[in-house]
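Asks: what's the 3D shape of this:
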Amino acid sequence: MPATDEGPHVERDRELRPQLAAAFLVVSLLVAFGGLTPADPDTAVGRWVAVASLYAVLAVLALALPAAPRTTQAILVTGVLAAGVVTGSCHSAQGVFTGCLGIILAGQLAAYALDLRRALAVGAVCVSTIAVAASVAPAPVRPSSTVVVVVLGLMTSALLGRQTHCLRVDAGTDHLTGALSRGAFYERLSGAVDRAQRTSRPLAVVALDIDDFKVVNATHGHLGADDLMASLVGAWRADLDRHAFVGRVGGDEFVAVLPGHDARLARGWAALASSWTALPSSAGVAELRADDTMRTLLARADADLFAAKQRKADAEPTRTVVTDPVA
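Replies: The predicted structure is shown next:
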């Protein structure tokens, strides 16, 4: 399994595609205008028109290709290299630095849309392209000016990427328990299900529910019950491997997703999870099938959870009410 989990990035990639297509279309028009109305008679008009046509093609591909971070990375890298070709042919320093701004924009888009590893790869291509284009351009460009452009580009891209990451983590985290919020959980589960079905690797989900949480609230108070729930979920999360995750889907309802686990392994984990704290909980397990959707998978886990809670209720001793004998 790849070290980078692409699941959380697919939705943002899908949202970015129309913006990316619009950006490439605008750049295509600008490059075509610059090539057809050159400021210098020695401008390689044919090269500019060819690059403008390439950007138009990239705009179409951004809309036509399925959303996937690796595809977006390839589109951005192609756009950066094309910008390098145009920038390296500029006969004025103004043209070179205008081309560098377009390359920096690609780096910022990568920082916004891609995971850290892919964003760094695009950033490295951006830096290399700016350095090479500035050095081979006919225009006189000082190396110190190129360094300033590269440093400022890296700083703005890093700041954008960091702030975007923090906002997404904050929006996707349940602040009480540290589990994924409902929306972030479903987004990530969708990606996990797709990957498991594509690679035929096992995946199981464990529906977890705290028993009689109303009684816990009445006994410990709301704040005390919250502390107990946070402690229990913390114990669950601490025992998960780096590919697994847990989300809060209701008040005291959680779901753990265990890639690489079949039903047997998932039941073993669930049995341990139910015994880590004094707060009682029940678990239901479902293993992904070839014809499953995310909805049917969760429905089977929920049905198994209900059956487990029913077995607990049936196993409780029946209370006998003692009354005074009839005289």
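
Asks: Identify each of the strands in the chain and give its residue range.
Replies: Chain-ordered strands for the chain, with DSSP state E as the definition, fall at 203-210, 245-248, 253-259, 281-287.

Asks: among these, which is nearest Ala266?
Replies: Between Ala266 and the strands of the chain, the shortest gap by CB to CB is with strand 203-210, which sits at 3.6 Å. The way it works is simple: take the backbone N, C-alpha and C, and place the C-beta from them, glycine included.

Asks: Any buried residues in the closest one, and which?
Replies: Of the residues in strand 203-210, those buried by neighbour count under the rule 16 or more other CB atoms under 10 Å are 203-210.

Asks: before we move on, the earlier item: could you name the stretch from the strands of the chain that's closest to Gly107?
Replies: With distances scored as CB to CB, the stretch of those nearest to Gly107 is strand 245-248 (29.3 Å).

Asks: and the closest one, what other elements does it pack with?
Replies: Applying 3 or more CB pairs under 8 Å, 6 or more residues apart in numbering; DSSP states H and E, one finds that strand 245-248 contacts helix 182-199, helix 213-238, strand 253-259.

Asks: which residues touch Leu288?
Replies: Under the criterion of CB atoms under 8 Å, 6 or more residues apart in numbering, the neighbours of Leu288 are 193, 196-197, 202-205, 297.

Asks: Name the nearest residue to it, ignoring sequence neighbours.
Replies: Once flanking residues are discounted, Leu288 sits nearest to Leu203: 4.3 Å by CB to CB, 6 or more residues apart in numbering.

Asks: I'd say the one you found and Pro259 touch.
Replies: Yes - with contact defined as CB atoms under 8 Å, Leu203 reaches Pro259; the gap is 5.1 Å.

Asks: on that earlier part again, point out the least confident one among the buried residues of strand 203-210.
Replies: Across these, the member with the lowest pLDDT is Ile210, scoring 82.

Asks: which residues sit in contact with the closest residue to it other than its chain neighbours?
Replies: In space, not counting the residues next to it along the chain, Ile210 is nearest to Asp252; the distance is 4.2 Å by CB to CB, 6+ apart. Asp252 sits next to 209-210, 213, 229 when contact means CB under 8 Å, 6+ apart.

Asks: one more time with 10 Å, if that's ok
Replies: With contacts defined as CB atoms under 10 Å, 6 or more residues apart in numbering, the neighbours of Asp252 are 208-214, 216-217, 225, 229, 232-233, 279, 281.

Asks: Restrict those residues to the buried ones and give me that as a PyMOL selection.
Replies: To isolate the buried subset of the contacts of Asp252 in PyMOL, counting by 16+ other CB under 10 Å, use the following:
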select buried, resi 208+209+210+211+213+216+217+225+229+232+233+279+281
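
Asks: Now flag whichever of the contacts of Asp252 is closest to Val127.
Replies: Taking CB to CB as the measure, Val233 is the one of the contacts of Asp252 closest to Val127, at 42.0 Å.

Asks: Quickly note the distance from the residue nearest to the closest one when sequence neighbours are not counted to Ala22.
Replies: If you skip the residues right next to it in sequence, Val233 has Thr177 as its closest partner in space, 4.0 Å away by CB to CB, 6+ apart. In this structure, Thr177 and Ala22 are 39 Å apart, going by CB to CB, to the nearest Å.

Asks: of those two, who's got more company?
Replies: Relative neighbour count places Thr177 above the other of Thr177 and Ala22, with 21 against 13, counting by other CB atoms under 10 Å.

Asks: my guess is Leu36 meets Ala52, correct?
Replies: Yes - contact between Leu36 and Ala52 holds when scored by CB atoms under 10 Å: they sit 8.9 Å apart.

Asks: So those two - more neighbours on which side?
Replies: Taking neighbours as other CB under 10 Å, Leu36 and Ala52 compare with Ala52 leading, 21 against 12.

Asks: circling back: which one of the helices and strands packed on strand 245-248 has the lowest average pLDDT?
Replies: Of all these, mean pLDDT reaches its minimum on helix 213-238 (a mean of 78).
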